[in-house]
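Here is a sequence with its predicted model. Questions after.
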Amino acid sequence: MKTVCFKHPEKEGPLLEGCLHLPEGAGPFPGAVICHPHPQFGGSMDVTLVAALAEGLAEAGWAALRFNFRGVGASEGRYDEGVGEVEDVEAALAHMAAQSFVAGKGLALVGYSFGAWVGLEAAQRSERVAAVAAIGLPMWRMPDDWLSGFNRPKLFVAGERDMVCPVKELREFVAKLPGLTEVTILTRTDHYLAGREPQAVQEVIRFLRAHKEAS
């Protein structure tokens with residue numbers, strides 16, 4: 001694991017801190033960016049699931065970047081209600097795309113809760129993203145036509161007791177989306193997926209491996 005700092009290459013934004021996890025070997029490797037939960041409710045790149053995703057992806061052969069949104073940890077700036085945070089995701093994607101150890105042009109993007117929302121918002125604006133895994137997507141944020149033009153591979157993961165991402169609402173939302181879309185429901189758990197992090201990580205790895213040529 002290595003600490004990195006980066007900024008958006010085209011917009012004036014804060015300096016962000018991240019942790020880069022690399023597989024063994026010389027590479028190049030497929031690249032992934034991981035987005036953490038809500039900054040105002042304890043979310044950071046050190047949340048258990050976010051760290052487990054980075055470690056698991058690196059073990060599976062991905063160069064994985066987890067990072068703090070503006071105003072979290074040592075990242076500059078302050079919370080911007082999701083607007084500036086979308087630019088933070090863009091900055092992380094640009095940083096990874098510029099690394100010589102990252103293979104190809106397409107990156108995987110993985111987001112948890114708030115990170116799933118802003119990650120998907122950034123993904124549909126960026127050609128750098130080839131596949132997305134969204135965990136615990138906050139359904140109350142979804143406008144009717146959201147992602148209607150985003151046809152790249154998408155995985156949605158939720159706990160069967162998740163009140164932030166209710167299973168029924170998630171399935172109804174996903175049924176309207178274009179392109180290849182999968183839903184995985186983890187039984188006997190809620191939005192926090194406590195103790196179920198390994199299963200969530202394995203589902204993400206399984207999905208990204210299946211679409212490795214794309215991502």
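On my side now, so go ahead. Numbers count the residues shown, from 1 in each chain.

where are the low-confidence patches of this protein?
By pLDDT under 70, the low-scoring segments of the chain are 213-215.

And the strands in the chain, which stretches?
2-6, 16-21, 31-35, 63-67, 107-112, 129-135, 154-159, 181-186 (DSSP state E).

Can you tell me which of those strands is packed in deepest?
Each of these was scored by mean neighbour count; the highest is strand 31-35, a mean of 30, by mean count of other Cβ atoms under 10 Å. Where C-beta positions appear, they are placed from N, C-alpha and C, glycine not excepted.

and that one, what does it pack onto?
helix 48-59, strand 63-67, helix 83-97, strand 107-112, helix 114-123 (3 or more Cβ pairs under 8 Å, 6 or more residues apart in numbering; DSSP states H and E).

Tell me the neighbouring strands of it, and mark each as parallel or antiparallel.
Using DSSP bridges, the strands paired with strand 31-35 are strand 63-67 (parallel), strand 107-112 (parallel).

and the angle from the last one to strand 154-159?
Right, strand 107-112. 20 degrees (axes from the mean of the first three to the mean of the last three Cα atoms, to 10 degrees).

Specify the angle between strand 107-112 and strand 129-135 in degrees.
Going by the same axes, to 10 degrees, strand 107-112 makes 20 degrees with strand 129-135.

Now do strand 107-112: distance to the chain's middle.
3 Å (Cα atoms, centre = their mean, to the nearest Å).

Which positions in stretch 185-195 come out as buried?
The neighbour-count check on stretch 185-195 (16 or more other Cβ atoms under 10 Å) flags Leu186, Thr189, Asp190, His191, Tyr192, Leu193 as buried.

returning to that earlier point: of all the helices and strands packed on strand 31-35, which lies closest to Gly27?
Set against Gly27 and scored by Cβ to Cβ, these come closest in strand 63-67, at 7.0 Å.
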